[in-house]
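# sequence and predicted structure below; questions after.
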Amino acid sequence: MENDFYIPQLPLIKDTVCAFWQVHRHNNPSLNETIIPKGVVEIIFNFEATNLYAKIIQQSLTIPRCFIQGFHTCPVQLHLADSQTFFGVILHPTAVKYIFHFHPVEFTNCVIDLTLVDTSFYSLWHRLGEQNNFNDRVTVFTEWLFNRLPQLTEREKAFNNFLNTHSDIHLAVSEVANRFCYSSKQLSRKLYELTGLNTEQTLLYKKYLQAIHLMHYSELSLTEIAYSCQFFDQSHFIKTFKSLSQITPKEYRQNKSNVKGHIFENVH
């Protein structure tokens, strides 16, 4: 499996795109993949001719060749054949409405065929598929995006920073509201538009994401992670983690791959 990842540096692009990524598998064993909620809004292009099947909330579906997905609160299960090439673009949540004229909440716990939302994605998919490497695909997508780049306000940039970082998980709802100069009700409405979650749920989600990060990049015990992430206790940590991922933190740590949020199982 080949993995590529790039964080844009050009100011106009990095305010809209968090990162570009690509995964390429060729003549590998078939896999079952579980993707637990990762707290991102992303566009994904699938360049293989064979159909890709997934299950979300126990609903089976065929994955479109070009789709967008928002914040998930349940895992996505995929069956991967022997070859796949995926190219992904992780977007800043507040930029989504300017590009698609929809709030990210519309993409929560589902995958939306982008060729039905914007017909230009059909030709974009073809152009990206014609490229031979990751860097060329980044260039093609960036050129397409330039005509759609939003001018984000400082508050919108602050919301993106809040949602994309692991800081501020210790704050109370009122403290977060004060930081954005919103009432608690206004803040909850805004976060729901971006994530499908209210403020309390968003803060808990951030704690969950920080726990995943620490399981990959620290040697802390699960108990230490629970308290480091501001959970009340180990039981609260386990309950929250399982409500989103449908597995316990221990099970995730035992089975995690080197790709954060992804678990792979060989098909025998």
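All right, it came through fine.
# okay, now the unreliable bits of the protein?
Under the criterion pLDDT under 70, the flagged ranges of the chain are 1, 27, 267-268.
# how is it divided into domains?
Under the assignment automatic domain parsing, the domains of the chain span 2-151, 154-263.
# dump the ones you listed to a markdown table, plus mean neighbour count.
C-beta: built from backbone N, CA, C; applies to glycine. Shown next, in a markdown table, are the domains of the chain (neighbours: other Cβ atoms under 10 Å):
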| stretch | mean neighbour count |
| --- | --- |
| domain 2-151 | 17 |
| domain 154-263 | 17 |
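# can you pull out the helices in the stretch 51-200 of the chain?
Counting by DSSP state H, counting those that start in this stretch, the stretch 51-200 of the chain has helices at residues 96-100, 114-117, 120-130, 134-146, 154-164, 173-179, 184-195, 199-217.
# tell me which of those helices sits nearest to residue 63.
Of all the helices of the stretch 51-200 of the chain, it is helix 114-117 that lies closest to residue 63, at 11.9 Å by Cβ to Cβ.
# what helices or strands is the closest one leaning on?
strand 66-69, helix 120-130 (3 or more Cβ pairs under 8 Å, 6 or more residues apart in numbering; DSSP states H and E).
# redo those as JSON lines? Include distance to residue 180.
Converted to JSON lines, the helices and strands packed on helix 114-117 look like this (distance: least, Cβ to Cβ, whole Å):
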{"stretch": "strand 66-69", "distance to residue 180": "25"}
{"stretch": "helix 120-130", "distance to residue 180": "32"}
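# just checking, residue 3 touches residue 20?
No. Using Cβ atoms under 8 Å, residue 3 makes no contact with residue 20, being 11.8 Å away.
# right, and residue 220 touches residue 211 too?
No. With contact defined as Cβ under 8 Å, residue 220 does not reach residue 211; the gap is 9.7 Å.
# rewinding a little: quick one: closest of the helices and strands packed on helix 114-117 to residue 34.
strand 66-69 (14.9 Å).
# by contact count, what packs against the closest one?
strand 41-46, strand 111-113, helix 114-117, helix 120-130.
# make JSON lines out of those and add distance to residue 35.
Output for the helices and strands packed on strand 66-69, formatted as JSON lines (distance: least, Cβ to Cβ, whole Å):
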{"stretch": "strand 41-46", "distance to residue 35": "11"}
{"stretch": "strand 111-113", "distance to residue 35": "11"}
{"stretch": "helix 114-117", "distance to residue 35": "19"}
{"stretch": "helix 120-130", "distance to residue 35": "21"}
